[in-house]
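> Sequence first, then the predicted structure, then my questions.
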Amino acid sequence: MGVPWGELAADAPARYTVQRGDTLWGIAARFLQQPWRWPELWGMNLEQIRNPHLIYPGQVLVLTRAGDRARLELAGDEPPLVKLSPRVRAEALDEAIPALPPQVIEPFLADVAVVDPQAHAQAPRLVAGPEQRVLLARGDRAYARGQTGQGATLAGEPLEADRGERRLLDIYRQAQPLRDPQTGELLGYEAQRVGQARLVRPERQELDAQGRPTLEPATVDIVQAREEIRLGDRLLPARMRERQPYIPHAPADEVEGQVVKVHGNAMQMAGQFQVVALNRGREHGLENGHVLALLKNRARVADRTDETRAELLLPGERNGVMMVFRTFERVAYALVLQVTDGVKVGDRFTNP
């Protein structure tokens with residue numbers, strides 16, 4: 001196990017003390033020319049990559065050599081401890097260091113969901129507020145429907161409690177279609193969470209005194225609002241925030257795809273530590289921690305040295321590296337870690 005000595009960074013230290021604020025990728029870049037080969041340097045097998053030994057501030061990493069290969073080890077096996085008196089007690093000083101800058105990826109772990117077209121079309125929506133208001137805030141009571149139409153045209157599933165319990169629902173807005181840059185195929189809708197609501201009473205249909213069917217929407221209470229909630233906002237089952245270690249590693253199988261979206265206000269090109277959406281996901285074998293190489297689009301240019309102005313197709317040069325940190329069925333999100341030029345929609349990616 002380990003990596004060839006020649007794969008180490010030119011100034012790789014013999015020892016390094018992990019600092020608060022470090023990331024796994026940043027530490028890997030200190031030791032390796034290609035930081036994504038961190039698991040090889042650490043001597044991890046596939047199971048260890050999925051359930052890695054965590055690294056804590058204060059621990060010392062030691063670079064060892066066996067023949068022509070290098071390997072990284074901990075100088076001690078346990079997280080740094082502090083002893084408190086008069087009681088005998090020991091506890092970890094810090095949380096394990098993250099693989100990626102948490103402030104960059106946290107919003108995508110907590111507030112972004114990709115839903116398939118059918119789920120988006122059928123998602124319940126807010127239909128009324130108190131005193132006919134169209135803007136709602138935390139603490140307001142509102143009303144929602146999962147169905148459409150009325151009477152004979154009633155369709156869809158009503159918004160109901162889950163096994164009699166009051167359901168917690170995420171409120172989403174601005175669901176944007178994500179389309180494959182090459183085929184135009186709709187991959188899903190990207191929805192931004194703006195708040196949460198708790199279901200108080202389910203949606204139901206009753207008969208009035210004249211025997212006519214009457215629709216009663218579901219009752220929800222707005223329990224969280226990051227911005228004003230609006231009528232028409234969609235409701236999806238609340239989900240727990242994903243927290244897991246990300247260990248950079250190459251996909252076992254060949255992967256190719258394109259960038260679907262660049263994230264950021266008015267962004268057309270992504271730089272280092274910016275997020276991009278990809279047109280590949282779990283069904284294509286992508287998983288959290290996969291490192292992918294970014295390639296520039298193949299540009300067509302005219303040969304100005306040729307009187308005929310022959311059209312040339314330039315090769316797609318390597319442009320950088322990114323790491324997948326969240327996957328859906330047909331879409332994944334990745335963080336750009338190294339880049340030469342900006343990354344734009346349509347740029348290709350492949351194995352590193």
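Looks like it came in fine.

> G346 is in contact with V262, correct?
No: counting by C-beta atoms under 8 Å, V262 does not reach G346; the two are 10.2 Å apart. Glycine gets a C-beta too; all of them are placed from N, C-alpha and C.

> Among these two, which residue is more densely surrounded?
V262 (20 against 12; other C-beta atoms under 10 Å).

> Return the set of residues that bridge with the more buried one.
Beta-bridge partners for V262, by DSSP bridges, are V276.

> try V112
The residues that V112 bridges to, once DSSP bridges is applied, are Q192.

> Could you check how far it is from Q272?
V112 is 20 Å from Q272, where distance means C-beta to C-beta, to the nearest Å.

> Check E317 too.
With the distance defined as C-beta to C-beta, E317 ends up 18 Å from Q272.

> for G289, same thing?
Distance from G289 to Q272, by C-beta to C-beta: 19 Å.

> which one of the two has more residues nearby?
Neighbour tally, G289 and Q272, criterion other C-beta under 10 Å: the higher count belongs to G289, 25 against 13.

> which residues in the stretch 101-250 of the chain form strands?
With DSSP state E, counting those that start in this stretch as the criterion, the stretch 101-250 of the chain has strands at 112-115, 125-128, 135-136, 141-145, 168-179, 186-201, 204-207, 213-216, 218-225, 229-230, 234-237.

> tell me what the second one is packed against?
Pointing back at strand 125-128 there. strand 141-145, strand 234-237 (3 or more C-beta pairs under 8 Å, 6 or more residues apart in numbering; DSSP states H and E).

> Leaving out the residues flanking it, which one is nearest to L236?
Distances taken as C-beta to C-beta, 6 or more residues apart in numbering place D170 nearest to L236, at 5.1 Å, with adjacent residues excluded.

> And the pLDDT at that neighbour?
Here the pLDDT value assigned to D170 is 94.

> Mind pulling up the pLDDT for P86?
Looking at P86, its pLDDT reads 55.

> which stretch of helix or strand covers the residue most central in space within the chain?
Among the residues of the chain, R326 comes closest to the average C-alpha position under C-alpha atoms, centre = their mean, at 3.3 Å. Applying DSSP states H and E as the criterion places R326 in strand 318-327.

> neighbouring contacts of the next helix or strand along the chain from that strand?
Next in sequence after strand 318-327, counting helices and strands by DSSP H and E, comes strand 332-339. With C-beta atoms under 8 Å, 6 or more residues apart in numbering as the contact definition, strand 332-339 has outside contacts at 25, 35, 100-101, 104-105, 108, 112, 270-278, 280-282, 286, 292, 294, 319-327, 343.

> If any of the residues you listed are buried, give me the ChimeraX selection for them.
Here is the ChimeraX selection string for the buried members of those, based on 16 or more other C-beta atoms under 10 Å:
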select :25,35,100,105,108,112,270,274,275,276,277,278,280,281,286,292,294,319,320,321,322,323,324,325,326,327,343
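
> one step back: give me the pLDDT for the closest residue to the residue nearest to the centre of the chain other than its chain neighbours.
In space, and not counting its chain neighbours, R326 is closest to Y333: 4.5 Å by C-beta to C-beta, 6+ apart. Y333 carries a pLDDT value of 95.

> what's the answer for A218, then?
On pLDDT, A218 comes in at 94.

> How many residues are close by it?
By other C-beta under 10 Å, 27 other residues sit near A218.

> Check M269 too.
If you count neighbours by other C-beta under 10 Å, M269 ends up with 14.

> Also G257?
Using other C-beta under 10 Å, G257 is surrounded by 20 other residues.

> Report the secondary structure element holding L286.
Counting by DSSP H and E, no helix or strand carries L286.

> Return the per-residue confidence for it.
Predicted confidence (pLDDT) for L286: 96.
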